[in-house]
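Colleague: Next one to model:
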Amino acid sequence: MYIYDEHDQRLVDERVKQYRGQTERYLAGEITDEQFLPLRLQNGLYVQRLAPMLRIAIPYGTFNSTQMRKLAHISRHYDKGYGHFSTRQNLQLNWPKLEQVPDILEELASVQMHAIQTSGNCIRNTTTDQFAGAAADELEDPRPYCEIIREWSTFHPEFAFLPRKFKIAVCASAADRAAIHMHDIGIEVVHNADGDTGFRILVGGGLGRTPVIATEIIDFLPKQHLITYLEAILRVYNQLGRRDNKYKARIKILVRATGIEAFREKVEKEWATIKDGPATLTEAEFDRAKSFFHSPDYACIDDDVAEAALAEQAAQNPAFDNWLKRNVEAHQAPGYAIVTLSLKATGYAPGDLTDKQMEAVADMADQFSFGEIRASHQQNLILAHVRKDQLLAVFEQAKAQNFATANINYLTDMICCPGGDFCALANAKSLPVSEAIQRKFDDMDYLYDLGPIDLNISGCMNACGHHHIGHIGILGVDKKGQEFFQISLGGSQDKDASLAKILGPSFSAADVPDVVEKILDTYINNRTEEETFLDTYRRVGIDPFKETVYAK
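Modeller: Residues are numbered from 1 along each chain as shown. Take a look at the predicted model:
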């Protein structure tokens with residue numbers, strides 16, 4: 001992973017000192033609420049329903065055991081002993097005291113972490129595949145490119161006050177585990193016919209009040225032009241994006257209003273002024289970035305022997321066998337595997353982790369995965385480099401910490417925002433609904449029979465729970481002060497991305513689990529052999545589901 005040099009460390013330390021002074025002046029009444037707002041936002045601090053919320057950056061989802069232990073320490077001493085992993089590969093603290101936030105930032109800086117640009121109208125934390133650098137289906141490791149983007153975008157003076165927040169995601173694998181179609185800019189690492197690395201760039205995606213699937217703006221951008229082309233897009237957006245209405249300020253609105261052809265022309269015209277200029281990337285720069293993401297010191301393991309031993313262990317332990325099939329993925333290195341630790345055990349808020357569990361994950365990372373941890377936008381954690389002959393030991397330790405629920409990519413591996421329990425913007429409490437669904441659908445054999453299903457829950461139209469791209473999406477809405485939930489079907493974050501369609505009138509919280517059951521029954525009654533939920537939905541359409549759910 002990337003290691004700070006003296007410039008990085010000084011930059012972060014100076015920002016902590018600067019923000020400490022700003023906070024002291026605010027508490028002394030020398031800075032107004034309006035003046036303090038952009039200052040605290042660009043240091044990751046929101047004011048939520050009951051308390052401030054601090055969002056801590058985990059750049060491209062990669063961090064280490066030392067950093068995880070620091071997060072445990074901070075959550076224990078400055079919060080209520082837990083944290084929430086979000087869909088942006090960040091960690092959120094829901095109960096910090098405003099006056100203690102500078103102390104938290106100083107603690108983070110001591111382990112090369114920060115909360116810079118995790119909120120505000122700026123370029124946010126760049127996200128990528130949680131299996132990057134280990135995935136068997138990977139073209140190449142996307143994280144060096146993410147790091148280059150991070151360095152370029154941090155404190156970029158031209159883009160510190162954009163019309164609205166701006167999110168970038170990078171994918172380099174056959175499967176899109178970064179949801180690049182749903183970002184302001186989506187970047188896919190590709191190779192041309194000559195084997196040269198470049199990027200397919202998508203623009204204008206996003207969820208929220210107006211969900212939009214991003215559109216391709218260029219099919220192959222030579223890699224040396226990555227930063228200048230991104231800068232051209234940002235300049236056009238910064239100049240033309242609306243600032244009079246925050247609901248129409250995202251780049252997706254500009255691209256739709258302009259049309260992709262006209263928008264591309266504007267970007268190309270802007271790009272011509274900076275292309276091949278000082279921001280053009282060199283091979284030396286790529287080599288520097290890649291030097292931080294070299295493969296760990298893998299042991300030499302006979303994969304056939306490891307697989308045979310694993311099969312014997314699985315045959316003797318059905319629970320372990322289920323976990324292997326659902327929570328373990330293929331690795332690039334012989335004899336190794338990728339493990340996803342599920343943060344979706346029944347009765348626990350999706351993405352939440354206690355301070356003691358954080359320390360347990362750090363211990364497991366040190367013991368089994370070269371001290372490395374990943375956070376996914378599905379709100380789980382990953383040990384990316386586990387020897388196959390240690391998988392049973394990982395399973396036993398994960399089980400002791402409630403991390404071994406064998407549900408990855410199944411119904412109860414749901415994405416869920418904190419909702420009305422915490423967020424001042426939420427219309428409804430999403431966490432009780434997620435728990436009710438977890439409890440109703442606790443028969444794992446039934447879930448396995450259903451096959452992979454993405455169920456996503458948002459407490460409001462801001463769509464932090466990505467309900468628009470769930471196979472089943474649930475949205476909290478307010479009806480004259482009462483909480484109701486709108487159901488949508490058919491979304492997908494994959495390379496064949498689609499937006500879900502609203503099923504019909506909304507339901508009370510108590511009705512939602514039964515409605516989900518009717519949806520699943522409709523799927524079972526209409527599917528063909530080996531057909532997934534999304535396949536069936538796309539074949540039969542929404543009407544059979546609507547008829548079943550709303551039948552009198």
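Colleague: tell me the contacts of the residue most central in space within the chain?
Modeller: Centroid-nearest residue in the chain, with C-alpha atoms, centre = their mean: H377, separated by 2.4 Å. Contacts of H377 were listed using C-beta atoms under 8 Å, 6 or more residues apart in numbering, and they are 61, 87-89, 127, 130, 177-179, 415. (Glycine included, C-beta is placed from N, CA and C.)
Colleague: For my notes, confirm it occurs in a strand.
Modeller: No: under DSSP: H, G, I helix; E, B strand; the rest coil, H377 falls outside any strand and is assigned coil.
Colleague: so how far is A360 from it?
Modeller: From H377 over to A360 the distance is 22 Å, taken as C-beta to C-beta, to the nearest Å.
Colleague: which other residues reach stretch 28-45?
Modeller: With contacts defined as C-beta under 8 Å, 6+ apart, stretch 28-45 is touched by 15, 19, 22-23, 25-26, 46, 52-57, 96, 98, 101, 105, 115-120, 122, 160-161.
Colleague: let's see it at 7 Å
Modeller: Outside stretch 28-45, the residues within contact range by C-beta atoms under 7 Å, 6 or more residues apart in numbering are 19, 22, 25-26, 52, 54-56, 101, 105, 115-120, 122.
Colleague: And stretch 449-456, by the same measure?
Modeller: Contact partners of stretch 449-456, identified using C-beta under 7 Å, 6+ apart, comprise 409-411, 414-415, 465-467, 469-473, 520, 532-533.
Colleague: Contacts for the lengthiest helix in the chain next, please.
Modeller: The residue-count maximum for a helix in the chain (DSSP state H) belongs to helix 6-27. Here helix 6-27 makes contact (C-beta under 7 Å, 6+ apart) with 31, 36, 39, 43, 99, 101-102, 105-106, 109, 114, 116.
Colleague: I'd like the next helix or strand past it.
Modeller: Using DSSP states H and E, the helix or strand that follows helix 6-27 in sequence is helix 33-41.
Colleague: Can you name the element that comes right after that following helix?
Modeller: Where DSSP H and E defines the elements, the next helix or strand beyond helix 33-41 is strand 45-47.
Colleague: pLDDT (mean, whole number) over that next one?
Modeller: The average of the pLDDT scores along strand 45-47 is 93.
Colleague: returning to what we had before: who wins on neighbours among the contacts of helix 6-27?
Modeller: Neighbour count (other C-beta atoms under 10 Å) singles out L105 as the most crowded of these, with 28 neighbours.
Colleague: With just CA atoms, put the strand or helix carrying that one into PDB.
Modeller: According to DSSP H and E, L105 maps onto helix 101-109. Coordinates of each C-alpha in helix 101-109 appear next as PDB, following Å, rounded to 0.1, in the frame of the first residue of the first chain:
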ATOM      1  CA  VAL A 101     -12.300  16.300  16.200                       C
ATOM      2  CA  PRO A 102      -8.900  18.000  15.800                       C
ATOM      3  CA  ASP A 103      -7.500  15.500  18.400                       C
ATOM      4  CA  ILE A 104      -9.000  12.600  16.300                       C
ATOM      5  CA  LEU A 105      -7.400  14.000  13.100                       C
ATOM      6  CA  GLU A 106      -4.100  14.300  14.900                       C
ATOM      7  CA  GLU A 107      -4.400  10.600  15.900                       C
ATOM      8  CA  LEU A 108      -5.200   9.700  12.400                       C
ATOM      9  CA  ALA A 109      -2.200  11.600  11.000                       C
END
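Colleague: can you give me the angle that helix makes with helix 33-41?
Modeller: Between helix 101-109 and helix 33-41, the angle comes out at 20 degrees (axes from the mean of the first three to the mean of the last three C-alpha atoms, to 10 degrees).
Colleague: any idea which element I474 lies in?
Modeller: Element membership of I474, judged by DSSP H and E, is strand 472-479.
Colleague: And for stretch 137-147, what's in contact with it?
Modeller: Taking C-beta under 7 Å, 6+ apart as the rule, stretch 137-147 contacts 2, 59-60, 62, 126, 128-129, 132-133, 170-175, 189, 191, 197, 226, 286, 289-290, 292-293.
Colleague: Now with 6 Å, please.
Modeller: With contacts defined as C-beta atoms under 6 Å, 6 or more residues apart in numbering, stretch 137-147 is touched by 2, 60, 126, 128, 132-133, 170, 172-174, 189, 289-290, 293.
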